[in-house]
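Q: predicted model, plus sequence, below.
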Amino acid sequence: MPHGSLSLPARLFLLGFDTEKGRVSGAPDLALAVRAAALVELARRRIISDVDGVVTPVFDARTGDPVLDELMELAEESRPRSWRTWIGYRSGATLDTVRRQLASEGYLSAEHKRVFGLFPVTRYGLERAGYVEVLRAEVLGALEGPSRPAGWTRTTRSSRCSPPRASCAG
């Protein structure tokens with residue numbers, strides 16, 4: 001894995017951080033995206049599979065990653081569910097595990113407080129903004145593809161122009 005021991009859900013969570021503010025910003029469905037990334041990672045490792053649209057775990061298989069192993073335990077203990085259902089089912093638990101893992105590995109700081117002196121909350125701050133910037137650049141590079149020849153410009157959502165002299169089909 002090019003990013004050391006970080007799993008896909010952990011890297012996706014870090015991409016949700018605004019590095020200037022040091023916190024997650026503008027990502028209301030981050031828990032769902034992180035859960036989907038965890039399912040993808042398990043499928044890539046062939047620890048879960050698709051049987052007629054149902055997520056099917058390989059029983060007693062573990063990865064050594066706390067996020068993925070916790071999801072595997074949940075899948076083994078639960079009734080069969082579709083992929084769509086698994087993305088939403090208790091997805092906040094996966095997000096919490098990702099946060100704790102990243103805090104224990106030094107990517108995040110964790111500040112424990114009580115709201116109104118009663119309710120415990122943990123606020124997470126970004127500790128390795130440089131890592132997130134490198135990760136973001138790699139993702140953008142993969143999405144944009146290889147370098148373009150001289151004279152080519154970046155396309156916008158409303159334009160499909162490639163070379164400067166090409167006609168645009170808006």
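A: Thanks, I have the structure now.
Q: show me the helices in the protein, by range?
A: With DSSP state H as the criterion, the chain has helices at 8-15, 30-44, 66-77, 83-88, 91-104, 129-144.
Q: flag every buried residue along the second one.
A: Put plainly, it is helix 30-44. 30-39, 41-42 (16 or more other C-beta atoms under 10 Å). C-beta coordinates here come from the backbone N, C-alpha and C atoms, glycine included.
Q: and the longest one, by the same measure?
A: Neighbour counts using 16+ other C-beta under 10 Å place 131-132, 135 of helix 129-144 among the buried residues.
Q: worst mean pLDDT among the helices of the chain?
A: Comparing mean pLDDT across those, the weakest is helix 129-144, with a mean of 91.
Q: quick check: angle from it to helix 8-15?
A: Angle between the axes of helix 129-144 and helix 8-15 is 110 degrees (criterion: axes from the mean of the first three to the mean of the last three C-alpha atoms, to 10 degrees).
Q: helices and strands around helix 129-144, which ones?
A: Contact analysis of helix 129-144 by 3 or more C-beta pairs under 8 Å, 6 or more residues apart in numbering; DSSP states H and E lists helix 8-15 as its packing neighbours.
Q: what does the helix it packs on rub up against?
A: 3, 6, 24, 30, 33-35, 37-38, 40-41, 44, 67-68, 94-95, 98-99, 101-102, 107, 126, 131-132, 135-136, 139 (C-beta atoms under 8 Å, 6 or more residues apart in numbering).
Q: ok, 6 Å please
A: The contact list for helix 8-15 (C-beta atoms under 6 Å, 6 or more residues apart in numbering) reads 3, 33-34, 37-38, 41, 67, 98, 102, 132.
Q: that helix to helix 66-77, inter-axis angle?
A: Helix 8-15 runs at 130 degrees relative to helix 66-77, counting by the same axes, to 10 degrees.
Q: run the chain-centre distance for helix 8-15.
A: Its chain's C-alpha centre and that of helix 8-15 lie 3 Å apart, by C-alpha atoms, centre = their mean, to the nearest Å.
Q: no further queries at this time; thank you.
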